[in-house]
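Peer 1: Take a look and give me a structure for this.
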Amino acid sequence: MGKNELLRIKKDVEAFVGQRVKLKANRGRRKTFEREGILEKTYPNIFVVKIDDKTNAVRRVSYSYTDILTETVEVTVYGENGYKKIKCVS
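Peer 2: I've put the predicted structure just below:
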């Protein structure tokens, strides 16, 4: 399940490059990080999201595909037909 599941998650993420996403990340001790941005690029082990910030500064965050598998990060993609959550299928 582990390696096959990571490959499926990676392919799902790659399919949505350039689209608007909502991130919800667990930062520990009951702290969560919720932001919206554009799924900018994927790499073999990580993906990068360009965050929309109130200021003019550009901010990028990166997460591994394992973060989605372990549910440390939730990625929701906004599309024409509503939204789709990228997650592992356990």
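
Peer 1: Please report the distance of the residue most central in space within the chain from Asn26.
Peer 2: In the chain, the centroid-proximal residue (CA atoms, centre = their mean) is Val75; its distance is 4.0 Å. Going from Val75 to Asn26 by CB to CB, to the nearest Å gives 13 Å. Where C-beta positions appear, they are placed from N, C-alpha and C, glycine not excepted.

Peer 1: What segments of this protein are strands?
Peer 2: Ranges of strands in the chain, per DSSP state E, are 20-26, 32-42, 46-51, 59-64, 73-79, 82-86.

Peer 1: Ok, which of these comes nearest Asp12?
Peer 2: Smallest distance to Asp12 across the strands of the chain (CB to CB): 5.0 Å, for strand 82-86.

Peer 1: pLDDT below threshold where in this protein?
Peer 2: 1, 80-84, 87-90 (pLDDT under 70).

Peer 1: got a list of contacts for the biggest helix by length in the chain?
Peer 2: Across the chain, the longest stretch assigned as helix under DSSP state H is helix 2-15. With contacts defined as CB atoms under 8 Å, 6 or more residues apart in numbering, helix 2-15 is touched by 39, 42, 47, 65-66, 68-69, 75, 86, 88-89.

Peer 1: cool, and stretch 23-40?
Peer 2: 13, 16-22, 47-52, 60-61, 63, 67, 71-77.

Peer 1: cutoff 6 Å now
Peer 2: Contacts to stretch 23-40, defined as CB atoms under 6 Å, 6 or more residues apart in numbering, come from residues 16-17, 19, 21-22, 48-52, 72-74.
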